[in-house]
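A.B. asks: let me see the structure of the following:
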Amino acid sequence: MPHPRPTEQHLDASKAECAGAGIRRLTRRANDRMSEQPELSSIPANPATRPESPGGPQPDPQAPQRIPRWLERAELFLRVLLRLYIGLAVCCAPWSRAFWDDNPLFLRFPTLGAIAVHGAVRGIISGLGVLNLWFAFRDAIRHRNG
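C.D. replies: Model prediction:
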């Protein structure tokens with residue numbers, strides 16, 4: 001006697017069961033992986049409650065390290081400088097004949113070149129450059145005293 005054909009309800013139930021098992025398996029793998037990682041958000045222990053060693057207090061090896069002030073300022077300077085450079089380049093590029101009109105990419109793909117010569121497209125690209133310049137000035141002014 002042939003086996004009866006499964007109905008749609010049986011197929012949907014078996015699909016849901018397989019999907020549930022797959023999700024449980026992935027969750028178990030993620031939890032296993034996560035348990036091996038060190039806890040980074042732990043609050044360092046109070047030095048007053050730690051037992052003193054004979055050689056004096058030892059620095060906590062898991063205490064978060066403070067980034068030196070000069071390194072933060074150098075990173076800010078380089079970030080502002082890079083944003084200024086990119087902003088000026090993107091702002092001026094659409095209006096440069098050598099870069100925009102004689103661009104090999106636009107010459108190879110004439111449809112793209114026809115779109116790129118429109119004033120609105122050039123204005124949008126320049127606007128992105130102005131936006132980048134604004135971000136650079138905002139960062140420089142916001143962190144001027146900080």
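
A.B. asks: list the buried ones in stretch 138-146?
C.D. replies: For stretch 138-146, the buried set under the neighbour-count rule, 16 or more other C-beta atoms under 10 Å, comprises A140. (Each C-beta comes from the backbone N, C-alpha and C, glycine too.)

A.B. asks: hang on, I meant stretch 77-84
C.D. replies: For stretch 77-84, a neighbour-count test (16+ other C-beta under 10 Å) marks V80, R83, L84 as buried.

A.B. asks: what is the helix or strand encompassing the first one packed up against?
C.D. replies: By that I understand V80. Secondary structure assignment for V80, by DSSP states H and E: helix 69-92. With contacts taken as 3 or more C-beta pairs under 8 Å, 6 or more residues apart in numbering; DSSP states H and E, helix 69-92 sits against helix 119-142.

A.B. asks: now do the helix it packs on and helix 69-92, the angle between them.
C.D. replies: 160 degrees (axes from the mean of the first three to the mean of the last three C-alpha atoms, to 10 degrees).

A.B. asks: got a list of what the closest residue to L107 other than its chain neighbours touches?
C.D. replies: Nearest non-adjacent residue to L107, counting by C-beta to C-beta, 6 or more residues apart in numbering: G113, 6.5 Å away. Taking C-beta atoms under 8 Å, 6 or more residues apart in numbering, we find G113 in contact with N103, F106, L107.

A.B. asks: look up the pLDDT of G113 for me, please.
C.D. replies: You'll see G113 listed with a pLDDT of 92.

A.B. asks: do L81 as well
C.D. replies: Turning to L81, the model gives it a pLDDT of 96.

A.B. asks: who touches it in this structure?
C.D. replies: Applying C-beta under 8 Å, 6+ apart to L81 gives no contacts.

A.B. asks: buried sites along the helix or strand following the helix holding V80?
C.D. replies: Once the chain leaves helix 69-92, the next helix or strand it forms, by DSSP H and E, is helix 104-108. Within helix 104-108, the residues that count as buried by 16+ other C-beta under 10 Å are F106.
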